[in-house]
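J.: The amino acid sequence is not available; the structure is as follows:
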């Protein structure tokens, strides 16, 4: 009765019953429809890809710690809220400290600029002794900084000729800062739901992964999370450690603004070759300024620290089961920064680690298939030999029974 009434209901498009066979099978049509919907979703939500990827990376990296917190609390919503508050505190406190310290540094530089504009500033000795460019830099210093009132004249000339560019640069900087704040806000919102609904999302991802990659998903699902966690945590720990160690070295060597240089060195340590470049430039500055003992000591300190980190800590902390070579790491860092900004420092290497993991799993599967193909003839020969031996043993038993019967 219900089916009869349902069949009489008017339809918006097409007849109530198909008159012909479908040109496209239902399974293929569903797959293409799913692909089109996914592409449309990527197009419309492209602006949220970076914060969502960042939230996933942070969630994977901190999941063991969050799992312990969730077991202690017992409620997933409260545990996710506490984790977000801790992460916000971890992000906000360094930013507040950096702003306070930077404001103090800016005040000191501004006071020095006012004093130099009023009375002039002599050319530093370390600039004059620089090879090749020292005399030219000394002339420029005397022209634009050494004479009283020269800094004010330079500021008037630069601001008058480039007032439009300065205005656009200020607007761009303000827009960039607002975009960074929005990205962090969306990332924290996405991270909250990653923490709260992570287990159910993982189960759904496992079902989909086993359907798409039935033979590889079991190992990839174990390798990729470990790779993400070790890559992000290892890079962060090493960068913070190198920034602190070299910052202490800058302070001991009496370098100006050691905290600022330590923070810059820590950020540079995320890039391959960034930390050695930082302390080498500071060592050159100390040598050029006449403090040879501090310059040589800082160079030795940084070299020993770099050797210890690269030979002992980095192989154990970064990469996990997938030890990334230098070239994929470098491409991941540069490509991530170019496409995603600062967050690309972490997302880029993680994506490269996933690509390398999938590549190595594919190669491993091919090698296993080749080994199995090589073993098949030997296995067939052995099975044939065992079958022949079994037949011979059967005939021998039959002959013995016949003789016993006779």
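T.: Done, it's in. Everything numeric in this text was worked out from a predicted model, so none of it was measured.

J.: Could I get the average pLDDT for the host helix or strand of residue 226?
T.: Per DSSP states H and E: residue 226 is located in helix 217-252. Helix 217-252 shows a mean pLDDT of 79.

J.: now for it, which elements pack on it?
T.: helix 49-73, helix 198-212, helix 258-268, helix 274-288, helix 292-308, helix 314-317, helix 344-405 (3 or more CB pairs under 8 Å, 6 or more residues apart in numbering; DSSP states H and E). C-betas here are computed from N, CA, C, even on glycine.

J.: In JSON lines: the ones you listed, plus distance to residue 232.
T.: As requested, the helices and strands packed on helix 217-252 are arranged in JSON lines below (distance: least, CB to CB, whole Å):
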{"stretch": "helix 49-73", "distance to residue 232": "4"}
{"stretch": "helix 198-212", "distance to residue 232": "16"}
{"stretch": "helix 258-268", "distance to residue 232": "15"}
{"stretch": "helix 274-288", "distance to residue 232": "17"}
{"stretch": "helix 292-308", "distance to residue 232": "21"}
{"stretch": "helix 314-317", "distance to residue 232": "10"}
{"stretch": "helix 344-405", "distance to residue 232": "5"}
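
J.: Residue 156 - how many residues pack around it?
T.: By the criterion of other CB atoms under 10 Å, residue 156 has 10 neighbours.

J.: Low-confidence ranges, the stretch 201-350 of the chain, go.
T.: 315-324, 342 (pLDDT under 70).

J.: how far away is residue 260 from residue 156?
T.: Distance of residue 260 to residue 156, given as CB to CB, to the nearest Å: 29 Å.

J.: what do you get for residue 202?
T.: Applying CB to CB to residue 202 and residue 156 gives a distance of 62 Å.

J.: residues contacting the most centrally placed residue in the chain?
T.: Nearest to the mean C-alpha position of the chain, counting by CA atoms, centre = their mean, stands residue 346 at 1.7 Å. Counting by CB atoms under 8 Å, 6 or more residues apart in numbering, residue 346 makes contact with 54, 57, 231, 232, 235, 236, 336.

J.: hang on, isn't the third one packed against residue 353?
T.: Yes - in this structure, residue 231 is within contact of residue 353 by CB atoms under 8 Å, at 5.4 Å.

J.: Assess the claim that residue 62 and residue 86 are in contact.
T.: No - if you go by CB under 8 Å, residue 62 and residue 86 don't touch, sitting 9.4 Å apart.

J.: chain center to the helix or strand harbouring residue 329, what's the gap?
T.: Taking DSSP H and E as the criterion, residue 329 maps to helix 326-340. Distance of helix 326-340 from the chain centroid (CA atoms, centre = their mean, to the nearest Å) equals 9 Å.

J.: got a list of contacts for it?
T.: 50, 53, 270-272, 324, 343-353, 355-356.

J.: Helix, strand or coil: sort out residue 271 for me.
T.: Three-state assignment for residue 271 (DSSP: H, G, I helix; E, B strand; the rest coil): coil.

J.: Which residue is the nearest non-sequential neighbour of it?
T.: residue 333 (5.5 Å; CB to CB, 6 or more residues apart in numbering).

J.: To what extent is the one you found buried, counted in neighbours?
T.: With other CB under 10 Å as criterion, residue 333 counts 21.

J.: Also residue 103?
T.: Neighbours of residue 103 (other CB under 10 Å): 10.

J.: show me the residues around it that make contact.
T.: Per CB under 8 Å, 6+ apart, neighbours of residue 103: none.

J.: what about it, distance to residue 90?
T.: 22 Å.

J.: Not counting sequence-adjacent ones, nearest residue to residue 245?
T.: Nearest to residue 245 is residue 305, by CB to CB, 6+ apart, at 5.5 Å.
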